[in-house]
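[1] Take this sequence and fold it.
(chains A and B)
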Amino acid sequence: MVFLSYLISGISLGSVYAMIALGYTMVYGIAKMLNFAHGDVIMVGGYVSLIAMTSWGLPVWAAVVVAMVACTVLGVVIEGLAYRPLRSAPSLAVLITAIGVSYFLQNSAQLIFSPNPKSYPVIINGSLSLFGGKLTISYISLVTFLVCVIIMIALTLFTSRSKMGKAMRAVSEDKGAAQLMGINVNRTISMTFAIGSALAAVAGVFLCSSYTTLMPTTGSMPGIKAFTAAVFGGIGSIPGAFLGGLLLGIIEAMAKAYISTNISNAIVFAVLIVVLLVRPAGLLGKYVPEKV
Amino acid sequence: MLKVNDINVYYGNIHAIKGVSFEVNEGEIVTLIGANGAGKSTILKTISGLLRSTTGSIEFLGHNISNTPPHKIVSQSLAHVPEGRRIFLQMTVQENLEMGAFTQDGSKLRQDLDDVYKQFPRLNERQRQIAGTLSGGEQQMLAIGRALMSHPKLLMLDEPSMGLAPILVEQIFDIIKALRDNGTTILLVEQNAQMALSIADRAYVLETGKIILSGTGQDLIQSDEIRKAYLGG
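    Take a look at the predicted model:
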């Protein structure tokens, strides 16, 4: 029973990682860039939803919508101002810019909201009691997992069935050829950022709600872990990000429970290194040899 | 139909295209031939907007398209089958064709797919197959089929024979002739000068970014200069 409850908390944590990882993997898969500012967009989503709930008195669902709109706009603006001008620049330049955007967002949040942690409400209270009270599952864990599954399925269907989703895959493979098809590459990449950032907002609400605190650096560690999860599952792969996120959450919960809380992060990253040594493309990633 | 007037294209400091002018009339097959690096592909890329000319103009169906972004060119019924085919290798055959129809109204999609499948029965058999697993000839057919999905009035083909066995090259050239006979104008870039000249109405010979010779396909095939330089004797 104790094991099961650790497992459940791992799945719940993993679902949050998976949501963030889905955004990472979408942007990487299509724009072929690592948006290291993704974690900080989550933090912005956290603040916006907090303001919407506490200052404006909006219900949770409306706060989520407000945060999604704000993050979508933010994501598109970041892409347009910081990344688009570097479209044909070496990928290292884009990576450094992304790190710069990340610090910019963190420092802006410090200026606006102060560096002090703010308390974040638990958005869903109550829990499900099973086996005569021996096992309890909080509703927030259930909802987090369900939302994550729904997002994963929706993204999979979107990229495999819809015209826009297929166009995104075409852009990811060959921007020049996609243009010859009449696809507006800039608009398609903007769209990808919009989707990734909207997901970041949702992830932000669940993340803050499970930590119950929020500060300007809230997004950075989960952002890095979610990136790890995306690589672990096979970066660019939507089911891979989902699986990677869940496994990472479970490993972290188990490491905390059975080994040590202090070195749980080290264990998580050690697992990543081992997996990448054995399967360089990640669990579900495809290794595509480059034709010369 | 297409009027290219004094274009100059640079890759950084390299002057790749030096004041090239030519035209393609409706219903013709026009070919640009020349050695590797003469600038043939560069000209096609400039027409479809992937590269920019610093001077001159490109007129298509009476509109100046020299500043039109590439994603808006195809909806003016000008399609470009790029060098190396550039099909989407990780997508299925059908998805590739759907991308070709990206600018088209979705209601005609089924009809257009069926038309392409009728024209290329091999693609019909492989609708759900991942394009990267097709043979070279099939990939070329897919690249042409994908371009046809946009109902082009002018189809630009860049090295369609590249890397194909002679029997497949003949098949591809038969397809090109059939397309012309059905009313599609063709601008063909080829290294296989013999084949290209044999089906072309008119041809331009390119050397280091300049047009050095032009004429009908038949004239050029018989010219001594061409025979020596491009037709191996």
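
[2] Up against chain A, what does chain B have?
    Counting by Cβ under 8 Å from any Cβ of the partner chain, chain B comes close to chain A at B:48-50, B:69-75, B:79-80, B:82, B:86-91, B:95, B:98-100, B:102-103, B:106, B:146, B:150. Backbone N, C-alpha and C define where each C-beta goes, glycine included.

[3] count of residues packed around residue 204?
    As the question left the chain open, I've gone with chain A. 34 (other Cβ atoms under 10 Å in any protein chain shown).

[4] meant chain B, my bad for not saying
    Using other Cβ under 10 Å, B:Tyr204 has 25 other residues around it.

[5] three-state assignment of it?
    strand (DSSP: H, G, I helix; E, B strand; the rest coil).

[6] ok, of the residues of chain B next to chain A, which come out buried?
    Among the residues of chain B next to chain A, those classed as buried by 16 or more other Cβ atoms under 10 Å in any protein chain shown are B:48-50, B:70-71, B:73-74, B:79-80, B:82, B:86-91, B:95, B:98-100, B:102-103, B:146, B:150.

[7] So which of these belong to helices?
    Counting by DSSP state H, these place B:Pro70, B:His71, B:Ile73, B:Glu95, B:Glu98, B:Met99, B:Gly100, B:Arg146 in helices.

[8] counting contacts, what elements does the host helix or strand of A:Ala21 pack onto?
    Using DSSP states H and E, A:Ala21 sits in helix A:2-31. Other helices and strands packing on helix A:2-31, by 3 or more Cβ pairs under 8 Å, 6 or more residues apart in numbering or on different chains; DSSP states H and E, are helix A:38-54, strand A:135-138, helix A:139-161, helix A:163-173, helix A:185-211, helix A:220-233, helix A:238-254.

[9] For these, which has the smallest mean pLDDT value?
    Lowest mean pLDDT of those: strand A:135-138, a mean of 86.

[10] Please save the CA atoms from that strand in PDB.
    The C-alpha coordinates for strand A:135-138 follow below in PDB (Å, rounded to 0.1, in the frame of the first residue of the first chain):
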ATOM      1  CA  LEU A 135      -5.000   4.100   0.200                       C
ATOM      2  CA  THR A 136      -6.000   7.700  -0.600                       C
ATOM      3  CA  ILE A 137      -5.700   9.300  -4.000                       C
ATOM      4  CA  SER A 138      -6.200  13.000  -4.100                       C
END
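
[11] Just checking: what are the partner strands of that strand?
    Looking at strand A:135-138 with DSSP bridges, its partner strands are strand A:127-130 (antiparallel).

[12] For chain A, what lies in contact range of chain B?
    Counting by Cβ under 8 Å from any Cβ, chain A comes close to chain B at A:163, A:166-167, A:169-170, A:173-174, A:176-185, A:288.

[13] Just confirm B:Leu213 is within a strand.
    Yes. Counting by three-state DSSP, B:Leu213 is located in a strand.

[14] Was I right to think it contacts B:Ile226?
    Yes. Between B:Leu213 and B:Ile226 there is a contact under Cβ atoms under 8 Å: 7.2 Å.

[15] which residues do the two both contact?
    B:Val205, B:Leu220 (Cβ atoms under 8 Å, 6 or more residues apart in numbering or on different chains).

[16] Those two: which has the busier surroundings?
    Set B:Leu213 next to B:Ile226 and count neighbours by other Cβ under 10 Å: B:Ile226 wins out with 20 against 17.

[17] What pLDDT does the model give that one?
    78.

[18] now the helices: where do they sit in chain B?
    For chain B, the helices defined by DSSP H occupy B:40-47, B:70-73, B:93-100, B:109-119, B:121-125, B:136-148, B:166-181, B:193-199, B:217-222, B:224-230.

[19] This completes my enquiry, with thanks.
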